[in-house]
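Chemist: Got a predicted structure plus its sequence, pasted below:
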Amino acid sequence: MSFNEFELSPQGNYQKLEKKENLPKYKESSDSRDSRDSICSKDVCNAIKNSFMLMFGVYMLFLSGVSVAALTDTSYKKQHQICGLSNLWLYLLFSLFSNGLFLKVRRDFNQEKLFIIIKPNLEVLGVKILFFIWGSVEFYSISCVDDLRKTDLFLWALMQYLLDIQSIASIFCYTLWIWYKVRKDNERLRLEAIDALTRSGEYVESVRV
């Protein structure tokens, strides 16, 4: 064997080492990408989200229209003549306005701090809980409210009350999902950063050797 066979080539060794270092990193990023895409692809998720938002928007427009008609048909004065202890008219009116807070619900994860991400959702959740308490008092604690059952005001106030309950459950579950998603992504980024530092340390040691 000649001495040339033992000739060291720094550039060749560096390229080989670079290939060895990049291969696991590429595989890891591919696996993490596959795990994220396993639930649904970006296009499918966007299509589902847009369809849901469209249906919800149509429903909100319909509910707002019939509720305004009910408020007009049964005035505040007429409602008090039927049941003086109830404020069902005011409940429906203000609860309808509170539905506009749905636009404030956070749907992206661009902020670094978890509290900044979920803060708008918690605010909407708190308002809806207050309206849920108000509606519960109106429907379950005032006896003369049964006299309003034959009016459209009672019907659509009840529908708004059910929407408030659904909103609380939906926003709560969605906020929990955001919390889980952000914590999981932060943990993944932390592990990738640790892995990158470990690999860079191994590379420095190999170069020194």
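Modeler: Yep, it's here.
Chemist: any chance you could map the strands in this structure?
Modeler: Per DSSP state E, the chain carries no strands over any range.
Chemist: Please give me every residue in contact with the closest residue to Y161 other than its chain neighbours.
Modeler: Spatial nearest neighbour of Y161, chain neighbours left out: G135 (3.9 Å); criterion: Cβ to Cβ, 6 or more residues apart in numbering. For glycine as for every other residue, the C-beta is placed from the backbone atoms N, C-alpha and C. G135 is in contact with 91, 95, 157, 160-161, 164, counting by Cβ atoms under 8 Å, 6 or more residues apart in numbering.
Chemist: neighbour-wise, which of the residues you listed leads?
Modeler: Among these, the one with the most neighbours (other Cβ atoms under 10 Å) is A157, at 29 neighbours.
Chemist: Show me the shaky parts of this protein.
Modeler: Within the chain, the stretches with pLDDT under 70 are 1-42, 106-112, 186-187, 189-190, 192, 195, 197, 200-209.
Chemist: Remind me what the top helix by length along it packs against, helices and strands.
Modeler: Ordering each helix of the chain by length in residues (DSSP state H) puts helix 152-208 first. Applying 3 or more Cβ pairs under 8 Å, 6 or more residues apart in numbering; DSSP states H and E, we find helix 152-208 packed against helix 10-37, helix 42-73, helix 88-98, helix 114-140.
Chemist: Include distance to D185 when you put these into JSON lines, please.
Modeler: What follows is the helices and strands packed on helix 152-208, written out as JSON lines (distance: least, Cβ to Cβ, whole Å):
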{"stretch": "helix 10-37", "distance to D185": "9"}
{"stretch": "helix 42-73", "distance to D185": "15"}
{"stretch": "helix 88-98", "distance to D185": "31"}
{"stretch": "helix 114-140", "distance to D185": "10"}
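Chemist: For D147, find the nearest of those.
Modeler: Minimum separation from D147 across the helices and strands packed on helix 152-208 (Cβ to Cβ) falls at helix 88-98, 10.7 Å.
Chemist: Of all the residues in the closest one, which ones are buried?
Modeler: Across helix 88-98, burial judged by 16 or more other Cβ atoms under 10 Å covers 88-89, 91-93, 95-96, 98.
Chemist: Tabulate the contacts of G135 (TSV), appending distance to K181.
Modeler: What follows is the contacts of G135, written out as TSV (distance: Cβ to Cβ, whole Å):
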residue	distance to K181
Y91	35
S95	30
A157	36
Q160	30
Y161	31
D164	26
